[in-house]
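Engineer: Structural data only, the sequence is not supplied:
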DNA sequence: AATGAATGAGTTTTCATTCAT
DNA sequence: GATGAATGAAAACTCATTCAT
């Protein structure tokens, strides 16, 4: 990949490469702690080139986060459209999807960035809140409502706070990005516990 | 407060004031994004004074976090030493304590700081991991084990990942520090859901 | 002057020193061509210090120019208030004052800066236009009107363009700041010519 | 204009277009403040192309100024060779020509550029001084001498400083390029004043 | 000849840290 | 102890210049 001369590269590739490199640096050092020179080095280009594609460090940051959030929004549309199966099955599916989405690839760094830089980029935090979190909550809430109607779940579950139900997923991402080097998370076991706990807790 | 002469202040007052101001600034802006001048202003002193008590910005940061973590460690010792009551009651007590500890006062900002700056201050992340997280997990694990032995809880719970069980608590702190302005968390309802979910999920 | 330690200097002196150094650099290199580091060096301080007193290079520039314009405004008030003498005498006085004001000290660089940077700092050009040029024109115009009324000057002079009458003064400053090294201007002779030309040209 | 293929353009067209565009940009922003990219855009070409015709930004600047000065030098030769008419008529002619030359087309920006960038390009200032200013002065001086000999003008005019006599012309260009947006110069009236003042001032 | 993406030196600006008072 | 002016290293950003196409 590095063998071919720079000028040979496809035009659209460049910004993508910068975004990827930037995501990694921002994830490690946060916004203020990241030096654009390091982003450039990681992307195999030089400082000034970043400014051919992004107006400023701030804009780059916003684009990095948006770029990783958007695919999830599309995924969420799909989750929404699966009406078959019992509520139990659906919930299990949803959780599995969330974990896969949340922890696959570079996307796992987004929550950390939102948490770290939310106060500097409130629009970004709001965007994430509205487009991701709120929508995930709506999906799980509708599944639970369905389960209650079908007599699968306890009625009291209708009033449950979705954050508390899905919270373990957020904790998992944080664990992976922050504490994994101290004690690696066994994701399968973790997901199994979450599902077991949730489904058994919902059951009549 | 400013009326009394500087020499009248109790010895530990000054550093404490700096730590408090620093915690607030660091929480909002992160480590790199925080200017010591702002910390000084918030503490009502001037920039240079910080260096009378702390060697560097890094040391200040470490002290800020340590200073807020240490009281929790003491609290944890106490939680450990309460053998009375059923496992169910104990677990309910532990969760309640955790939420109180985690979300009371300025301590709530520590998780966000650990998440944000963990890669820059790995010793701090490790310290938090070992002294707080690991120990909390041990406590809850022992209570669950006791509940299983007593026949209160399902046996399968012995293998549960503690992170998944206590994850909602971490999610709560994050929510409070990041998303609360978009949708305020009803902490009581949240805790109730967490307890209901967990206890019902553990029950035979 | 350099012998006394930096901290001994009077507080108000510092910004003034910077303004003086900046005026010199800006006069030579223009706005964009001036490096703040050179300004600092010339002022005997270091780069960062400038920012303790001026928000940005642009603000420094504006302050430099304003700072040199303002004294002239005060001078102009005085010129205005001299009703004694024939129009001829007054005009001779005014011209002499203008040349003294315009060519004394560092003030002589202001016209060059206004000319060079007027398009980048239009408010500054306007300020100079309104506060200096327009007012000088008004003064000379009123003297000429008085001379016509008194029968000293030709009536046609009432319609003269003031710029054309006072233009040689502007030319003199430019000459001094731009061409003086090629051919030094004999200011006394120049002023004498200007006065002779003007007064004889006005005479009936 | 963009319709015809590049290869159809006359050989000298391209550099001329660049010079024209560059003159405009340099006039507005000065040397340091001008970006070659803007020059290229204005010329309808792309950045790199400038370097096919000019070695560097400095060379481009020098060429821009030279290119606008040279035609005037030719004009001056002609002015010099008109021996018919009274000194009064000749002087009136010369002044009219100067104003036309100086204020027609893009040439009007040269004095501003010389004033602004004279210290960075001293050879250019010297060139302008020697080839334009000095020669204009010589012409007017010889006319005045002729007028004195012919008994048209006062003898004292022989010692007059030419700068003071022709200064209003320089002031006019500056006014046009700097202050015209605040108060438009009535060039005809201005020239009339200048001629009236000068001729009446020279008359016995 | 022309392009325009890429480079990297140079400049503005910030801010942790020092130190004379 | 406390101050806050001064420092200067470091980082964001710009733009003249190059060069593969």
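Structural biologist: Thanks, I have it. For clarity, every value in this text was computed on a predicted model and none was experimentally measured.

Engineer: And the next helix or strand past the longest helix anywhere in chain A?
Structural biologist: Looking across chain A with DSSP state H, the single longest helix is helix A:57-80. Sequence order places helix A:87-103 as the next helix or strand after helix A:57-80, per DSSP states H and E.

Engineer: for whatever helix or strand comes next after that following helix, packing partners?
Structural biologist: The helix or strand immediately downstream of helix A:87-103 is helix A:109-117, counting by DSSP H and E. Applying 3 or more C-beta pairs under 8 Å, 6 or more residues apart in numbering or on different chains; DSSP states H and E, we find helix A:109-117 packed against helix A:13-33, helix A:57-80, helix A:122-128, helix A:162-174, helix B:109-117. For every residue, glycine as well, the C-beta is placed using N, CA and C.

Engineer: got a list of contacts for the longest helix of chain A?
Structural biologist: Outside helix A:57-80, the residues within contact range by C-beta atoms under 8 Å, 6 or more residues apart in numbering or on different chains are A:18-19, A:22-23, A:26, A:31, A:34, A:36, A:39, A:50, A:54, A:94, A:97, A:101, A:106-107, A:109-110, A:113-114, A:117, A:121, A:124, A:127-128, A:131-132, A:135-136, A:139.

Engineer: and if you look at stretch A:25-38?
Structural biologist: Here stretch A:25-38 makes contact (C-beta under 8 Å, 6+ apart) with A:22, A:39, A:42, A:47, A:50, A:57, A:60-61, A:64, A:106, A:109, A:112-113, A:116-117, A:120-121, A:177, B:29-33, B:116-117, B:119-120.

Engineer: what about that stretch and DNA strand E, any contact?
Structural biologist: No. Counting by C-beta under 7 Å from any atom of the strand, DNA strand E is not contacted by stretch A:25-38; separation bottoms out at 7.7 Å.

Engineer: And stretch A:54-62, by the same measure?
Structural biologist: No. Against DNA strand E, stretch A:54-62 shows no contacts by C-beta under 7 Å from any atom of the strand, the least distance being 11.6 Å.

Engineer: in that stretch, what counts as buried?
Structural biologist: A:54, A:57, A:60, A:61, A:62 (16 or more other C-beta atoms under 10 Å in any protein chain shown).

Engineer: In a markdown table, list those along with pLDDT and distance to residue C:181.
Structural biologist: Below are the buried residues of stretch A:54-62 laid out as a markdown table (pLDDT from 0 to 100; distance: C-beta to C-beta, whole Å):
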| residue | pLDDT | distance to residue C:181 |
| --- | --- | --- |
| A:54 | 97 | 47 |
| A:57 | 97 | 46 |
| A:60 | 98 | 49 |
| A:61 | 98 | 52 |
| A:62 | 97 | 53 |
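
Engineer: mean pLDDT for the helices and strands packed on helix A:109-117: which is lowest?
Structural biologist: With a mean of 88, helix A:57-80 has the lowest mean pLDDT of the helices and strands packed on helix A:109-117.

Engineer: In chain A, which residue is most central in space?
Structural biologist: Of all residues in chain A, the one closest to the mean position by C-alpha atoms, centre = their mean is residue A:102, 4.3 Å from it.

Engineer: For the spatially closest residue to that one that is not a sequence neighbour, grab the count of nearby residues.
Structural biologist: Spatial nearest neighbour of residue A:102, chain neighbours left out: residue A:173 (5.4 Å); criterion: C-beta to C-beta, 6 or more residues apart in numbering or on different chains. A count of neighbours around residue A:173, defined by other C-beta atoms under 10 Å in any protein chain shown, yields 20.

Engineer: show me what contacts residue A:173?
Structural biologist: By C-beta under 8 Å, 6+ apart, the residues touching residue A:173 are A:102, A:103, A:108, A:111, A:112.

Engineer: rerun at 10 Å
Structural biologist: For residue A:173, the contacting residues are A:99, A:102, A:103, A:107, A:108, A:109, A:110, A:111, A:112, A:115, A:185, by C-beta atoms under 10 Å, 6 or more residues apart in numbering or on different chains.
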